[in-house]
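[1] Give me the fold of what follows.
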Amino acid sequence: MTVAGLSRRTGVPSDSIRYYERVGLLPKPPRTGAGYRRYGEDAVDRLQFIQGAQRLGLRLREINDLLSIRDTGTCPCGDAAVLLRERMEEIDNEMKRLQALKSELSAMVGQLPSTDCPNPEPGVWRPPVRVAG
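    Have a look, this model is predicted:
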């Protein structure tokens with residue numbers, strides 16, 4: 001199938017497919033005499049893997065690592081588990097950061113006199129200043 005056909009089949013934009021090929025996520029396919037790319041079912045499977053990994057929040061670099069493990073033909077569970085645990089730790093840290101941000105926003109909302117306040121007077125309300133420490 002052509003790049004357009006692969007795009008229709010997987011929902012991945014043609015430009016993304018070409019990009020994945022350039023960065024090595026998708027192997028370079030054979031070409032027709034006219035120079036058109038010819039993808040097989042393996043490309044569909046690979047793009048579905050990439051899409052699933054992206055839905056899990058994995059970065060392309062991490063997806064490439066997982067694909068490399070997958071392509072070895074050996075049991076990838078140990079290496080994949082390490083990579084996925086590292087990503088889970090990053091997500092935990094990001095959740096903590098976002099929770100702290102949410103707390104700061106809640107504090108700002110709590111400082112507002114009401115949701116029906118008149119036009120603000122200069123110097124009456126401002127975002128809280130974070131004190132180092």
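
[2] For the rest of this, base every contact and every neighbour count on C-alpha atoms.
    OK.

[3] Next, count neighbours for Pro29.
    Residues near Pro29, counting by other CA atoms under 10 Å, number 15.

[4] wait, doesn't it sit right on Tyr36?
    No - with contacts defined as CA atoms under 8 Å, Pro29 does not count as touching Tyr36, sitting 9.4 Å away.

[5] who's in contact with the helix or strand bottoming out on mean pLDDT in the chain?
    Of all the helices and strands that make up the chain, helix 60-71 has the lowest average by mean pLDDT, DSSP states H and E, namely a mean of 83. Contacting residues not belonging to helix 60-71 are listed as Gly24, Leu25, Ile50, Ala53, Gln54, Pro76, Asp79, Ala80, Leu83 [CA atoms under 8 Å, 6 or more residues apart in numbering].

[6] Next, the buried residues of that helix.
    Residues of helix 60-71 classed as buried by neighbour count (16 or more other CA atoms under 10 Å): Glu62, Ile63, Asn64, Asp65, Leu66, Leu67, Ile69.
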